[in-house]
Structures are given as structure tokens and as C-alpha cells.
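Trainee: I'll drop the sequence and a predicted model, then ask my questions.
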Amino acid sequence: MDERQTALRLVKIWRWLVAVGLLTACAEPEEASTTPEEQLSGRWTLAYMIVLDSLGIAQPYMDGMTGSLLYHPSGFMSLHLTPDNYPDPAGSFSNFDSLQPTGLLKHLANFYSYTGSYRIENDSVLLHRSIMHSNPTEWNRDSRRAFRLSEDSLYMRPLGKGLERIRLLWIKAT
């Protein structure tokens, strides 16, 4: 191969490399494909919990709520809700028994919590199955929530009877 053929060959290779480089540089970046399960995974903080009145006007549920929601990739979940400014009980106690003053027991009744499993039934419904619940009558029960994910926001609406007017917004914490 003479020098001229070698130079032409190098020019062709150089053009090919430039073309590939330009195509690669101009290509749209690939977005990380994430499933709804991957998007749900992590800790969420309650931004608001509202209830719509008969005219569709939103009011804070129980004068405002504070909460935390956890979804683990394994299918485990945990939810905790308390009224805003959940007061410290007037005193401390080590056991939840009937010997405690009534005020302390009423204080505990304001805490709503359950732990269990979850799965996405379709693109817009979450199924929560409680294993343990702050209300013993709710143990081993299913509850469904309509949901929508948008970036770091999780919008929810309980689908249970009597809960249709409640709306929740969770913000991704982790």
C-alpha cells in the first residue's frame, strides 16, 4: 500500500469516527427506565391530607395531619399518621393498659398506623395489606388507593367506602 492509499484510508476512518461521534453527541440522552415500584421505593412525607366537602371545597382533614409513608422494594410498606402538632402526652407511660389515665389513652387513639405489604394492581391502584394496624379490627385487611406519581410527588385517594373525598399528597423524602 502506498502513502496515498494509506492517507485516503486514514481520512475515511477519520470521517467515519467524526460521523459516529456527531451521531452519538446529538442523540437524546437515554432516560433511566424506572418502574412504578422503583419510583415508590423510599420514604415519603405527608404534604397535605384534605377532605372535600359536598361542594368540592377542600378542608384540612382533622384540622391537618402529619405523616410518613415507607415503601421498600421487597413489597413491604408502613404508614404513620398523626394530627398536626400531635401533643406530647402529659406524662410518660411504659405500657398501653387500662391502668393508664384516660387522657393518655385518648392521646394514643389519635395515632393511626399500619404495616404490611403492598402491590400495584394496575397503573393507578395500590393495594395495601395490613399485617399490623393501630386499630386491631383492621389487621389483615386490604385497602386500595388510587395513586398517581409525578416526579417527587405521590397523589393518593382512598377507595374504601366513606373515604372517597379524602386526598393526600406525599413528597419523596429519600
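Mentor: Arrived safely, thanks for sending. Numbering: from 1, shown residues only.

Trainee: Leu127 touches Gly116, doesn't it?
Mentor: No. Applying Cβ atoms under 8 Å, one finds Leu127 not in contact with Gly116, separated by 9.9 Å. For every residue, glycine as well, the C-beta is placed using N, CA and C.

Trainee: need the helices for this protein, in chain order.
Mentor: Listed in chain order, the helices of the chain (DSSP state H) span residues 3-26, 36-40, 102-109.

Trainee: mean pLDDT for these: which is lowest?
Mentor: Ranked by mean pLDDT, these end with helix 3-26 in last place, scoring a mean of 48.

Trainee: sorry, back to before: between Leu127 and Gly116, tell me which one has more neighbours.
Mentor: Gly116 (22 against 16; other Cβ atoms under 10 Å).

Trainee: pretty sure the more buried one contacts Glu138?
Mentor: No. Look at Gly116 against Glu138 with Cβ under 8 Å: they stay out of range, at 10.0 Å.

Trainee: which neighbours do the two have in common?
Mentor: Ser130 (Cβ atoms under 8 Å, 6 or more residues apart in numbering).

Trainee: the spatially most central residue of the chain and Thr102, how far apart?
Mentor: For the chain, the residue sitting closest to the mean C-alpha position, by Cα atoms, centre = their mean, is Leu40 at 4.6 Å. Per Cβ to Cβ, to the nearest Å, Leu40 is found 39 Å from Thr102.

Trainee: over to Met65?
Mentor: Counting by Cβ to Cβ - Met65 and Thr102 are separated by 24 Å.

Trainee: so what's Tyr61 closest to, chain neighbours aside?
Mentor: Met49 (4.3 Å; Cβ to Cβ, 6 or more residues apart in numbering).

Trainee: for Glu121, see how far away that neighbour is.
Mentor: In terms of Cβ to Cβ, Met49 sits 22 Å off from Glu121.

Trainee: who's more crowded, the two?
Mentor: Met49 (20 against 11).

Trainee: measure the more buried one to Arg157 for me?
Mentor: Distance, Met49 to Arg157, by Cβ to Cβ: 11 Å.

Trainee: same question for Asp84.
Mentor: 21 Å.

Trainee: any idea what the closest residue to the residue nearest to the centre of the chain other than its chain neighbours is bridged to?
Mentor: Among residues not flanking Leu40 along the chain, Tyr71 sits closest, at 4.3 Å (Cβ to Cβ, 6+ apart). Applying DSSP bridges to Tyr71 gives these bridge partners: Gly42, Met77.

Trainee: what about the chain, any weak spots by pLDDT?
Mentor: 1-33, 87-98, 105, 107-108, 174 (pLDDT under 70).

Trainee: now the strands: where do they sit in it?
Mentor: For the chain, applying DSSP state E gives strands covering 42-52, 58-60, 65-71, 76-83, 112-122, 125-133, 142-150, 153-158, 166-172.

Trainee: alright, calling it a day.
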